[in-house]
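Sequence first, predicted model second:
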Amino acid sequence: MAPPKRISKETVLAKAACAFADGNAPSMDEIAATAGVSRAALYELFGSRGAILEALGMDHPPSWQDRILVAGAELLAERGLNRLSLDEVAARSGASRATVYRLFPGKAALFREIVRTYLPVDEALEMMETMGHRPPAEVMPALAGSLARAGHVRIGVLRSALFELTGREDGSEEVVEEVLQNTRVITRYLENQMAAGRLRRMHPLLAMQCFVAPIMLHMVSRPLAEDLGPVDVPLDEVVREFTDAWLRAMAPPRRRPRQPPSSEAASRSRSRPR
């Protein structure tokens, strides 16, 4: 009986390459089927899917979940949660409708994962933890810069998440609570600065909204403005203008120094009968 013929990597690779035609992102089972070998033999030859891609000279393509999240975040930023459609997410991501529903069984599930992935809070919260003892003139420009660097998609996701504080679509309660927990870091800082006399007193949530809203509006509308005509104001300058305007508006009122009584008033006071 002749010994079994050894499968060469080169032969398997030549066949496996066909599985990646037309931008497909095949699983190991699909690669094995295309190459005409068992899944176990494929793992024995290469060890991982990444090693196959490397041997073929390919980059690791994003998974279907990643593609769906990217498309979902873009649509959420553009239209908000109420107008987010899973069918449109499928069309934009290139995934089938069945794949989208298998990975995210409903709009609320997709919304939760988009917010967890794209909400631009990690850098902001880390910055607040390290600079939370500094005055607003230092902290607020840094916070504005971190939000602006997040880009229009992540800012659009933040806008949609904040709007859900009033909308509360079914299934979004968990996300709303997570957003509130994150924003409390900022409102607590503002409240402490008001108590220290560095900012004028108002409800800290309103103060935060006055700060974040102009930046969100600019970041969401900037791509459209760039398409319609040149935006001749650099982003750094935009952030500085918004922050300076907020700091001026939030400056605590100056206490007027007590004026000494005029000589006439003093004279009248002395002339009054005791």
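Alright, I've got the coordinates.

Please verify my assumption that residue 201 contacts residue 194.
Yes: proximity of residue 201 to residue 194 meets the contact threshold set by CB atoms under 8 Å, at 4.9 Å. In short, each C-beta sits where N, CA and C put it, glycine included.

Which one's more surrounded, these two?
A side-by-side neighbour count of residue 201 and residue 194, using other CB atoms under 10 Å, places residue 194 first with 19 against 13.

Quick check on that one: phi, psi?
phi -70, psi -40 (degrees, to the nearest 10).

From what I see, residue 72 and residue 110 are in contact.
Yes: Residue 72 lies in contact with residue 110 (CB under 8 Å); the separation is 5.2 Å.

Between the two, which contacts overlap?
84, 89, 104 (CB atoms under 8 Å, 6 or more residues apart in numbering).

how close does residue 141 sit to residue 39?
Distance, residue 141 to residue 39, by CB to CB, to the nearest Å: 55 Å.

what sits against residue 28?
With contacts defined as CB under 8 Å, 6+ apart, residue 28 is in contact with 39, 42, 43, 49.

Most neighbours among those, please name it.
residue 42 leads the contacts of residue 28 on contacts (other CB under 10 Å) with 22 neighbours.

Quick one: residues contacting that one.
12, 16, 28, 31, 32, 35, 52.

Hmm, residue 43 and the first one touching each other?
Okay, so that is residue 12. No: the criterion here is CB under 8 Å, and residue 12 misses it with residue 43 at 11.6 Å.

How many residues are close by residue 114?
Neighbour tally, residue 114, other CB under 10 Å: 29.

Could you double-check that it sits in contact with residue 69?
Yes: in terms of CB under 8 Å, residue 114 counts as a neighbour of residue 69; the distance is 6.0 Å.

one step back: looking at the shared contacts of residue 72 and residue 110, which is nearest residue 131?
Of all the shared contacts of residue 72 and residue 110, the one sitting nearest residue 131 is residue 84; the distance, using CB to CB, is 34.8 Å.

Provide a list of residues in contact with residue 124.
Contact partners of residue 124, counting by CB under 8 Å, 6+ apart, are 143, 146, 147, 186.

The last one: helix or strand, and which one exactly?
Pointing back at residue 186 there. Per DSSP states H and E: residue 186 is located in helix 173-195.

what residue ranges in the stretch 1-150 of the chain are flagged as low confidence?
1-6, 22-25, 27, 59-61, 120-123 (pLDDT under 70).

how about 80 then?
Within the stretch 1-150 of the chain, the ranges that satisfy pLDDT under 80 run 1-8, 20-30, 39-40, 43-44, 47-51, 57-63, 119-129, 150.

All the helices of it, residue numbers only.
Using DSSP state H, counting those that start in this stretch, the helices of the stretch 1-150 of the chain run over residues 9-16, 28-35, 39-46, 49-55, 64-79, 86-93, 97-103, 107-118, 122-131, 136-149.

Next, format those as a markdown table and append distance to residue 228.
Output for those, formatted as a markdown table (distance: least, CB to CB, whole Å):
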| stretch | distance to residue 228 |
| --- | --- |
| helix 9-16 | 47 |
| helix 28-35 | 44 |
| helix 39-46 | 50 |
| helix 49-55 | 41 |
| helix 64-79 | 16 |
| helix 86-93 | 23 |
| helix 97-103 | 32 |
| helix 107-118 | 26 |
| helix 122-131 | 30 |
| helix 136-149 | 20 |
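
Of these, which is nearest residue 221?
Here helix 64-79 is closest among the helices of the stretch 1-150 of the chain (CB to CB), at 11.5 Å.

Now do that closest one against helix 107-118, angle only.
90 degrees (axes from the mean of the first three to the mean of the last three CA atoms, to 10 degrees).

helices and strands around helix 64-79, which ones?
Counting contacts by 3 or more CB pairs under 8 Å, 6 or more residues apart in numbering; DSSP states H and E, helix 64-79 packs against helix 86-93, helix 97-103, helix 107-118, helix 151-167.

can you give me the offset of that helix from its chain's centre?
Distance of helix 64-79 from the chain centroid (CA atoms, centre = their mean, to the nearest Å) equals 12 Å.
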